[in-house]
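Novice: could you look at this predicted model? Sequence included:
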Amino acid sequence: MAKRAYSPKEVLAKKYKTLPWGEKWSGPFGEVPVNETWFISGASASGKSSFVMQLAKELCNYGTTLYLSYEEGISQSFQMRIKRERMSEVQGRFRVITDDTYEELAERLGRPKSAKFVIIDSFQESGITYDQFMELISRFHRKSFIFISQEYKGEPAGKPAGRLKYKAGIKIRVVGYKAYCQGRFTGDPGSCYTIWEEGELRTSNNIEKDEHKETDSGA
């Protein structure tokens, strides 16, 4: 039997529930469906981990958020980030796990009142394959999966991560304490989310110093 084909009228009539966040988030990232797949990447020391924690806190306003800390575990740096972003303010809506297997995660997400937002940090350290995550996304299609990826030479580390990036509707790259959206929903591709203003200024000043050094050396 042939699968159903949709008319333009049927496509346009379809309704999507989006995150009701304010201009701070909707400006750079747009009106994002609550069950969208995210892909966040960035070099080490770019502000990526801080951005992810800030995003997690924002998402707690709209549902329980589960943070899978595969890469850091419950390390001192992770603890400091929890404190800095005041995650105790969302105590009842934020949970951290460190070592769920695919089977354990699937069982956890299948429970009543399980998390609406699932952050995987990082995809490479999770031990869960691309195909297994696609199964989870399909099975729990009402949830939002947010994947954090390591980078190698400015690109997602490994072919599976590259495939995952193309699958995601929201693609974000963090550079110099700014998060830039490369996804499908932003109306202004040039806009960005500032993670840490002081860090952004330091990064900008260092870039300017390097440019002056290059100019002086070439004179």
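Specialist: That came in fine, so what should we check first?
Novice: how many neighbours does the nearest residue to residue 18 once chain neighbours are set aside have?
Specialist: In this structure, residue 18 finds its nearest non-sequential neighbour in residue 31, 4.4 Å apart by CB to CB, 6 or more residues apart in numbering. C-betas here are computed from N, CA, C, even on glycine. Residue 31 has 14 neighbouring residues, counting by other CB atoms under 10 Å.
Novice: my guess is residue 31 meets residue 22, correct?
Specialist: No: assessed by CB atoms under 8 Å, residue 31 is found out of contact with residue 22, at 11.6 Å.
Novice: before we move on, the earlier item: can you confirm the residue nearest to residue 18 is in a helix?
Specialist: No: Residue 31 sits outside any helix when classified using DSSP: H, G, I helix; E, B strand; the rest coil, being coil.
Novice: do you know how far it is from residue 56?
Specialist: Separation of residue 31 from residue 56 (CB to CB, to the nearest Å): 20 Å.
Novice: swap in residue 107?
Specialist: From residue 107 to residue 56 the distance is 22 Å (CB to CB).
Novice: cool, residue 136 as well?
Specialist: 19 Å.
Novice: and if you look at residue 125?
Specialist: As for residue 125, its distance to residue 56 is 17 Å (criterion: CB to CB).
Novice: cool, residue 10 as well?
Specialist: Noted for residue 10: a distance of 36 Å to residue 56, by CB to CB.
Novice: who has more neighbours out of these two?
Specialist: Neighbour totals were compared for residue 10 and residue 56, and residue 56 leads with 24 against 10 (other CB under 10 Å).
Novice: quick one: mean pLDDT for the helix or strand hosting the more buried one?
Specialist: Taking DSSP states H and E as the criterion, residue 56 maps to helix 48-59. Computed over helix 48-59, the mean pLDDT rounds to 97.
Novice: moving C-terminal from that helix, which element do we reach first?
Specialist: Along the chain past helix 48-59, the next helix or strand (assigned with DSSP H and E) turns out to be strand 65-69.
Novice: what packs against that next one?
Specialist: The elements that strand 65-69 packs onto, with contact taken as 3 or more CB pairs under 8 Å, 6 or more residues apart in numbering; DSSP states H and E, are helix 48-59, strand 94-97, strand 117-121.
Novice: show me where pLDDT drops low in this structure?
Specialist: Applying pLDDT under 70 to the chain flags residues 183-190, 198-219.
Novice: and with 80 instead?
Specialist: 1-2, 183-191, 197-219 (pLDDT under 80).
Novice: how about the strands in this protein?
Specialist: Secondary structure of the chain (DSSP state E): strands located at 38-42, 65-69, 94-97, 117-121, 144-149, 151-152, 155-156, 170-175, 178-181, 192-194.
Novice: against residue 166, how distant is residue 53?
Specialist: 26 Å.
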